[in-house]
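**Student:** Predicted coordinates and the sequence they were generated for:
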Amino acid sequence: MSENEREVKMSATAATSPVRVAFTKTGALSFISHLDLMRTVTRMLIRADIGIYYTEGFNPHPKLVFALPLSVGVESNYELFDVKVAGEGADCALIAERLRCESPDDIKISDVYAPTRKFRDIAYSDYEIVICGGNCCADPIAAVERMMSGPVIEKKRTKSGEIECDIRPFIKSLECEGGGRELRIKTRLDAASESYLNPEYVVKAVTNATGITLDDISPDGDSYSITRTGIFDANGALFR
């Protein structure tokens, strides 16, 4: 057995402490897959010399659990992941300091603490969406208000294929401002596992309601952008 294998086996059986890390993911890192994000975070933890728990078996790997993985291209000001570290009573301040030293430019560690709740308690996510394009109707705000007053039918991807679905019950709030070539939207969407709504569906619904086309390119190179700004529990409190 090699030295590395002995270290993995020891870490898999030693006492551990759960730690939750809050971070932001912006810029170029919003365009990597969730799998690549997990690899990036794993490298950060290893380079920061944090003793982390490894799964047992033929292919040991760090046990990381992320809250609400995002689609490629979506930025976030509020991301969370849980990891088990070796020992009891983890020094969260030291872990935060070490991770900040090893984080790439587009990941910022905002907090590290011992979790008291499970990710299954997450109920809602907030997003800011900017849509740039042309051919928008004369009064897009009124068009969005009309959209929100009734069913919002969109084709939703499921394991069995695409189905038409009313996504309105999953949109808890939506505010729209702007007009012409740019619309700005703030929305709160269901984020529970059984009713999670991808914000991409809100983009589709708003473009359908306002007639705005996405073939014109914004100065940043995209026709729309999505940023997650918060994660909340069923009472509307920021989830930690």
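**Tutor:** Alright, I've got the coordinates.

**Student:** And the chain, what are its domain boundaries?
**Tutor:** Listed by automatic domain parsing, the domain ranges of the chain are 3-116, 120-233.

**Student:** and those domains as JSON lines, adding distance to residue 240, mean pLDDT and mean neighbour count?
**Tutor:** C-betas here are computed from N, CA, C, even on glycine. Converted to JSON lines, these look like this (distance: least, C-beta to C-beta, whole Å; pLDDT from 0 to 100; neighbours: other C-beta atoms under 10 Å):
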{"stretch": "domain 3-116", "distance to residue 240": "7", "mean pLDDT": "86", "mean neighbour count": "15"}
{"stretch": "domain 120-233", "distance to residue 240": "9", "mean pLDDT": "88", "mean neighbour count": "16"}
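
**Student:** To residue 239, which of those lies closest?
**Tutor:** Across the domains of the chain, residue 239 has its closest neighbour in domain 120-233 (4.6 Å, C-beta to C-beta).

**Student:** For the domains of the chain, give me JSON lines that also has distance to residue 239.
**Tutor:** Below are the domains of the chain laid out as JSON lines (distance: least, C-beta to C-beta, whole Å):
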{"stretch": "domain 3-116", "distance to residue 239": "8"}
{"stretch": "domain 120-233", "distance to residue 239": "5"}
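
**Student:** quick one: contacts for residue 153?
**Tutor:** 164, 165, 166, 167 (C-beta atoms under 8 Å, 6 or more residues apart in numbering).

**Student:** could I get the residues you listed as JSON lines with secondary structure and distance to residue 136?
**Tutor:** Listed next are these as JSON lines, based on DSSP: H, G, I helix; E, B strand; the rest coil; distance: C-beta to C-beta, whole Å:
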{"residue": "164", "secondary structure": "strand", "distance to residue 136": "25"}
{"residue": "165", "secondary structure": "strand", "distance to residue 136": "25"}
{"residue": "166", "secondary structure": "strand", "distance to residue 136": "24"}
{"residue": "167", "secondary structure": "coil", "distance to residue 136": "21"}
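
**Student:** Would you map the strands across the chain?
**Tutor:** 16-25, 64-66, 75-86, 107-113, 122-132, 153-158, 161-166, 171-179, 182-190, 224-233 (DSSP state E).
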